[in-house]
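Student: Everything below, folded, please.
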Amino acid sequence: MLMIKITFLGTSDAVPSAERNHTSILLNYKDENILVDCGEGTQRQFRKAELNPCKVTRLLITHWHGDHVLGIPGLLQTLNFSDYNKTLFIYGPKGTKEFMNQTFKTFIFQGKFNVEVKEVEGKFFENDYFYLEAKKMTHGIPCNAYNFVLKDKVRIDKKKLEKTGIKGPILQKLKEGKDIVYDGKKYSAKNLTYEEEGKKISFVLDTSLNKEIIPFAKNSNLLICESTFGEELEEQAKEYHHLTSKQSAEIAKKSNSEKLILTHISQRYSKNPKIILNSAKKIFKNSSLANDLDVVEI
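Tutor: Purely as a prediction, here's the structure:
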């Protein structure tokens, strides 16, 4: 199976630190490069990670607080100067179209490329390989969490196939689960194929604890979740519509997620980020803490 690659371009909360840039996460699968949020300095983080921003195909905006979107004008400028030749699809919560209109009015861009902006909820994109879905979160302003879901796929068992000698376009029928006749002999698709299970990655950034998170992230292979506050600041997290590391771990456990990666880390933990991680690990052992430019493949 082709791997899904996740690059953490920025992992800070509202105020960046020397170690952490504003929030931005890049998901790569096949020819798709999906950027989740675009905080200030994201285009420079692309350079540090030795990635080409012109390969970005879609931008998922969780919400319109500055630390998640201030990098958008800079990214658009870079794409303009770099002769970006694709359509950039931008998705976000209610209000995204107006905010993008204001962005185009505020900044002067040289050159022009196609941009399509959509306000989304539920399943909003699907192709033969994966689909994307959004769910409203609670953050004081319109806010979305997102799922990237790689579909189950029928694969041909190559060892079994070699024994049959079957070749050519007829193999497509096997992939579609259809029985075939080859050289006068009937072959069952069930005997020559197997189902490769898909994968699910959930992005839950900037939200207070709410009843929608756990069912939305259910059975995720990877849950990427904000963890702005340690468990000692639960009341403050509630006041500012954020999650604690303990709450993030409880979400991972109750949603039956396989792995939890904590991000959106407050600068107050710069000297000892293990406070955040240790709190989560007490509840959900398969937890880790994201750092800028970390790469994860699943």
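
Student: so is residue 43 in a helix, a strand, or just coil?
Tutor: helix (DSSP: H, G, I helix; E, B strand; the rest coil).

Student: just use 45 as the starting number from now, easier for me
Tutor: Will do, 45 is the new start, and the previous item becomes residue 87.

Student: Tell me the spacing between it and residue 93.
Tutor: 11 Å (CB to CB, to the nearest Å). To be clear about C-beta, it is placed using only N, CA and C from the backbone, and glycine gets the same treatment.

Student: again with residue 120
Tutor: Note on residue 120: its distance to residue 93, by CB to CB, is 19 Å.

Student: Neighbour count for these two, which is higher?
Tutor: residue 120 (23 against 16; other CB atoms under 10 Å).

Student: any idea how this protein splits into domains?
Tutor: Annotated domains of the chain cover 49-196+241-341, 198-237 [automatic domain parsing].

Student: Just send those back as a markdown table, with mean pLDDT too.
Tutor: Formatted as a markdown table, these follow (pLDDT from 0 to 100):
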| stretch | mean pLDDT |
| --- | --- |
| domain 49-196+241-341 | 96 |
| domain 198-237 | 84 |
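
Student: Tell me which of these is the most buried.
Tutor: Most buried of these, by mean neighbour count (mean count of other CB atoms under 10 Å): domain 49-196+241-341, with a mean of 19.

Student: Would you map the strands across the stretch 45-194 of the chain?
Tutor: Under the criterion DSSP state E, counting those that start in this stretch, the stretch 45-194 of the chain contains strands at 49-54, 68-73, 76-80, 102-104, 132-136, 159-163, 166-170, 174-180, 188-194.

Student: In a markdown table, list those along with distance to residue 248.
Tutor: Converted to a markdown table, those look like this (distance: least, CB to CB, whole Å):
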| stretch | distance to residue 248 |
| --- | --- |
| strand 49-54 | 14 |
| strand 68-73 | 12 |
| strand 76-80 | 11 |
| strand 102-104 | 12 |
| strand 132-136 | 15 |
| strand 159-163 | 19 |
| strand 166-170 | 16 |
| strand 174-180 | 9 |
| strand 188-194 | 5 |
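
Student: between the ones you listed, which gets nearest to residue 313?
Tutor: Closest to residue 313 of the strands of the stretch 45-194 of the chain is strand 49-54 (CB to CB; 15.7 Å).

Student: partners of that closest one, with directions?
Tutor: strand 68-73 (antiparallel), strand 339-341 (antiparallel) (DSSP bridges).

Student: what would the ones you listed look like in JSON lines with distance to residue 215?
Tutor: Putting these into JSON lines (distance: least, CB to CB, whole Å) gives the following:
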{"stretch": "strand 68-73", "distance to residue 215": "23"}
{"stretch": "strand 339-341", "distance to residue 215": "28"}
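
Student: for those, which one sits closest to residue 56?
Tutor: Taking those one by one with CB to CB, strand 68-73 is closest: 10.1 Å.

Student: relative orientation of that closest one and strand 174-180 in degrees?
Tutor: Orientation of strand 68-73 against strand 174-180 (axes from the mean of the first three to the mean of the last three CA atoms, to 10 degrees) gives an angle of 150 degrees.
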